[in-house]
Each structure stands twice: as structure tokens, then as C-alpha cells.
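Chemist: Provided below for reference: sequence and predicted model.
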Amino acid sequence: MTNEIKSATSVVTTNESTTVDNKNYDELIREFHRFWDVFPGIARLITKNHRILASNSIAAEKGFVEGAICAQVGTGPNAHRKCKLNKMFADKVGYTDRVLGDRVRGWAPVEGYDDVCVHFTVMIPESED
């Protein structure tokens, strides 16, 4: 079995499991993919330290890949403006915003995991008349 260390901040991927600070997230990651892989927007499973544990295919195409720091991915200096990740972890409730006119962003805590959340972005479609 080979281990690939994703960063010095303890994200390790093996061919059997993903751990962060010695926690096993395999089942959580499977459940994330079961729901969020069909979501019509960007979805990431992110740790309190902003490390991406999993992402759906739309997010991965945008560079939000496992092991990356979410705030270091994006287009331009305002891509992560007013991020509510830290606020969500502090308050332990979900948040949404619309700082970008054509999309809604959200941060949702994951029950049973105080150090992980789902962060999603969905485009607002044009009105269908």
C-alpha cells in the first residue's frame, strides 16, 4: 500500500482511506458523492482548515480538487470575498449569500462532524417566460 501525503497539514490519501488529523472520512466522502455528484453546481466537502476532502465533478473541473486549499482556487481576487466558512464553524449553522449577482453560495455544517462542512455554489438561471 502506498501513501501520498497531500500536504504538511496532515491530509493523507491511501488507496483505502482519506484521513485528516487521523480521522477517517471514507463513509462521509461516499455519502457526499452520493448526494452532491448530481447537484447542478459546484460542491465541496471542506475541513475547518479550508482543505478540500471531496468535490463533485463540476468543482473539480474548476480546480477544487481533493487536498487543495479552497481559498487558493478561483478566478480573481474577489472569488472568496466575504467567505462565511469560519462564521459557519463558529456559529454551527448554515449560511448563504449572493455577493456575486448570478450565483448563490452556501456553507452547511455536517451533522456529527464539527470540523467539516459542505460548501456549494449554484448559478441563478435566467427567468423562463
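Modeler: Arrived safely.
Chemist: could you use CA atoms for every contact and neighbour count after this?
Modeler: OK.
Chemist: which helices and strands does the strand or helix carrying Leu28 pack with?
Modeler: Element membership for Leu28, per DSSP states H and E: helix 26-36. In terms of contacts (3 or more CA pairs under 8 Å, 6 or more residues apart in numbering; DSSP states H and E), helix 26-36 is packed against strand 42-47, strand 52-55.
Chemist: ok, which of these comes nearest Lys92?
Modeler: strand 42-47 (13.4 Å; CA to CA).
Chemist: parallel or antiparallel, which strands does that closest one pair with?
Modeler: The pairing partners recorded for strand 42-47 under DSSP bridges are strand 52-55 (antiparallel), strand 113-123 (antiparallel).
Chemist: give me whichever of these is most buried.
Modeler: Of the strands paired with strand 42-47, the one with the most neighbours on average (mean count of other CA atoms under 10 Å) is strand 52-55, at a mean of 26.
Chemist: so what touches that one?
Modeler: Residues outside strand 52-55 that contact it (CA atoms under 8 Å, 6 or more residues apart in numbering) are 18, 29, 32-33, 42-47, 64-70.
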